[in-house]
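Asker: Provided below are the primary sequence and the corresponding predicted coordinates.
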Amino acid sequence: MKKNEYSKYFFAAVGVAIVVFVCVGVIMLNYSITVKRELYETSSKNLNEVYTQVSEKFMQITGQQWNLLGMTGDYIDEAGEI
């Protein structure tokens, strides 16, 4: 009888341990998925911001270069008329 009680408690403890491990596993998996999603969204926002800044700077620099090119062309035209 004592051995039968012992095995009943043992299997109950093993069952509780399995349930606890499964719950912890599910919680860890959910946490991992949430963290990955947040990292992806944050990285995407940061990359978009960097792209916007680089694009604006590129447009500014190319605009300045076109202006310089236009002034150089005007200078060449004036020099050719002399």
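Answerer: Yep, it's here.
Asker: Give the burial count for R37, as a bare number.
Answerer: 10 (other Cβ atoms under 10 Å). C-beta coordinates here come from the backbone N, C-alpha and C atoms, glycine included.
Asker: Please identify the helix or strand for it.
Answerer: Using DSSP states H and E, R37 sits within helix 2-81.
Asker: gap between that helix and the chain center?
Answerer: Relative to the chain's own centre, helix 2-81 is displaced by 0 Å; criterion: Cα atoms, centre = their mean, to the nearest Å.
Asker: Please renumber the chain so that the first residue is 20 from this point on.
Answerer: In the new count, where the first residue is 20, that last one comes out as helix 21-100.
Asker: pLDDT of that helix, averaged?
Answerer: Across helix 21-100, pLDDT averages out at 91.
Asker: How about exporting stretch 35-46 as PDB, limited to the C-alpha atoms?
Answerer: Provided in PDB are the C-alpha atoms of stretch 35-46 (Å, rounded to 0.1, in the frame of the first residue of the first chain):
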ATOM      1  CA  VAL A  35       2.700  18.900 -12.500                       C
ATOM      2  CA  ALA A  36       6.400  19.300 -13.500                       C
ATOM      3  CA  ILE A  37       5.500  18.500 -17.100                       C
ATOM      4  CA  VAL A  38       2.600  21.100 -17.100                       C
ATOM      5  CA  VAL A  39       4.900  23.700 -15.500                       C
ATOM      6  CA  PHE A  40       7.700  23.100 -18.100                       C
ATOM      7  CA  VAL A  41       5.100  23.300 -21.000                       C
ATOM      8  CA  CYS A  42       3.700  26.500 -19.600                       C
ATOM      9  CA  VAL A  43       7.200  28.000 -19.200                       C
ATOM     10  CA  GLY A  44       8.000  26.900 -22.800                       C
ATOM     11  CA  VAL A  45       4.900  28.500 -24.200                       C
ATOM     12  CA  ILE A  46       5.600  31.700 -22.300                       C
END
